[in-house]
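Peer 1: sequence below, structure please.
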Amino acid sequence: MTGITPEWAAAQMPRVARAVAGLPDMHGVRLAMSMHLDMKMVPLVAGLRAKGAELYITTCNPATVRDAVVAEMRGLGAEVAAWKDMGQADWDTAIAGGIDWAPTHLSEMGADYTHHLLTTGRAMPSVRAGLEATGSGINRLQGALPPWPIFNWDDLPVKEGLHNRHMVGLTTWAALFQRTLLSLHEKTVLVVGYGSVGQGLAASARAFGGTVMVAEIDPGRALQARYDGWRVGTVEALAGEADVIVTATGARHVLPFPVMEGLRDGCLLLNAGHLIDEIELGPLMALPSGSPTPGVTTHSLPSGNRVHLFVGGAMANLTGGEGDSLNAFDVTLAVMAAGIGYVVGEGAGAPAGVHMLPQE
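Peer 2: Numbering: from 1, shown residues only. Okay, here's the model as predicted:
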């Protein structure tokens, strides 16, 4: 952690303060949250507790947990079941514990609670409404749905167009530069996925001196990438030319191991997506490896070439760095606070299914 205090964070986030001040009385609300546990989330937790909400919190990604933040949130009276790099079994237990806690509302980043319910066949709790923050979570909700409304705020222009498009790419490269002392000058960068995060990664990579290519399987997004001036193709066709590959799809194994076997010597791999499995890690981790610098593991391919994996393939900007700036995240977190106010209020009366969070 950088040593940023909750007081400094709160002072840089006036929109969050206004959004929290506008929340209704929340006594009687039992809100189960799954989210990144970094210091920028503390002002929201403090505000929700001050409004009377009871909170159960676990992480949406064990690699991004800050243990000092867990302690801070517990000090505010939240029940927090998370720690840095907790194992899958413990994380599963924490998610199940959130359901056992009998929440009235959910606020999720990745649909972990909802996915657990839908895949384990457990009896549905008396949840009135939920909020989902990520494209990965929305994708997991396709098909069977729980009997309550879920409000998607990932696709709001204020989040997709600002946070996803402008901040994730910038902070991903900043984390890489800080940890490795490398820049993108004279490097060919392959961005896998051209959603809003991929668009930001590509634009910021060029601004930082890289030569950029884009791998995209959706014809519309591939066309958009061509119109934006990028060379576009498949991962299989382009990966062998790259010095740096970054994934940004929310999908599993978009950089498969057979493709990695043909990479250049010294190719650097990182993931900007929400989940750790965008890069197929299993076969890669089985190869001989070393750690030449903190945050980087080097794996020797059967070809004799080496690939460098950044922060274990976890979400690069929050595992390798501190994620968004406070003043930019002020916008994102204010939307989240307002969304929570909506789902504990009039949103709870909506029919079951996935709905866009209203623009207002």
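Peer 1: going forward, measure contacts between C-alpha atoms and count neighbours the same way
Peer 2: OK.
Peer 1: who touches the closest residue to Asp277 other than its chain neighbours in this structure?
Peer 2: Distances taken as Cα to Cα, 6 or more residues apart in numbering place Arg252 nearest to Asp277, at 5.4 Å, with adjacent residues excluded. With contacts defined as Cα atoms under 8 Å, 6 or more residues apart in numbering, Arg252 is in contact with 277-280.
Peer 1: at 10 Å what do you get?
Peer 2: Shown in contact with Arg252 (Cα atoms under 10 Å, 6 or more residues apart in numbering): 275-280.
Peer 1: for Glu7, see how far away it is.
Peer 2: Distance, Arg252 to Glu7, by Cα to Cα, to the nearest Å: 38 Å.
Peer 1: for Val70, same thing?
Peer 2: Distance from Val70 to Glu7, by Cα to Cα: 16 Å.
Peer 1: and for Ala225?
Peer 2: For Ala225, the distance to Glu7 - Cα to Cα - is 41 Å.
Peer 1: more neighbours: which of the two?
Peer 2: Ala225 (23 against 10; other Cα atoms under 10 Å).
Peer 1: could you say which helix or strand holds that one?
Peer 2: Using DSSP states H and E, Ala225 maps to helix 219-227.
Peer 1: again with Ala203
Peer 2: Under the criterion of DSSP H and E, Ala203 resides in helix 196-207.
Peer 1: just confirm Val259 contacts Ala239, I think it does.
Peer 2: Yes - Val259 is within contact range of Ala239, at 7.1 Å (criterion: Cα atoms under 10 Å).
Peer 1: so between those two, which is more surrounded?
Peer 2: Using other Cα under 10 Å as the criterion, Val259 and Ala239 rank with Ala239 on top: 27 against 16.
Peer 1: distance from the strand or helix carrying Met73 to the middle of the chain?
Peer 2: Met73 is part of helix 67-75 when elements are defined by DSSP H and E. Its chain's average C-alpha position is 20 Å from that of helix 67-75, according to Cα atoms, centre = their mean, to the nearest Å.
Peer 1: next structured bit after it?
Peer 2: By DSSP H and E, the next helix or strand past helix 67-75 is strand 79-80.
Peer 1: which other helices and strands does that following strand contact?
Peer 2: Contacts defined by 3 or more Cα pairs under 10 Å, 6 or more residues apart in numbering; DSSP states H and E place strand 79-80 against strand 30-35, strand 54-59, helix 67-75, helix 88-100.
Peer 1: other residues contacting that strand?
Peer 2: Strand 79-80 is contacted from outside by 32-34, 37, 54-59, 69-74, 94, 98, 101, using Cα under 10 Å, 6+ apart.
Peer 1: and Lys84, what does it touch?
Peer 2: 37, 59, 61-68, 70 are the contacts of Lys84 under Cα under 10 Å, 6+ apart.
Peer 1: between those, which is closest to Gly313?
Peer 2: Ala63 (9.8 Å; Cα to Cα).
Peer 1: quick one, phi/psi of the closest one?
Peer 2: When read as degrees, to the nearest 10, the backbone of Ala63 gives phi -70, psi -20.
Peer 1: my read: it touches Gly295, true?
Peer 2: No - using Cα under 10 Å, Ala63 is not in contact with Gly295, being 11.9 Å away.
Peer 1: who touches both of these two?
Peer 2: 311-313, 316, 319-320.
Peer 1: list just the nearest of those residues to Cys267.
Peer 2: Of the shared contacts of Ala63 and Gly295, the one sitting nearest to Cys267 (Cα to Cα) turns out to be Gly313, at 13.7 Å.
Peer 1: what sits closest to Ile95 if chain neighbours are left out?
Peer 2: Leaving aside its sequence neighbours, Ile95 sits nearest to Tyr113 (Cα to Cα, 6+ apart; 5.9 Å).
Peer 1: tell me the contacts of the one you found?
Peer 2: 32-34, 58, 60, 92, 94-99, 106-107.
Peer 1: buried set for the helix or strand containing it?
Peer 2: Element membership of Tyr113 [criterion: DSSP H and E] is helix 112-120. Within helix 112-120, the residues scored as buried using 16 or more other Cα atoms under 10 Å are 112-115, 117-118.
Peer 1: okay, among those residues, which ones form the most distant pair?
Peer 2: Using Cα to Cα, the buried residues of helix 112-120 span at most 10.0 Å, a distance reached by Asp112 and Leu118.
Peer 1: right, I'll leave it there.
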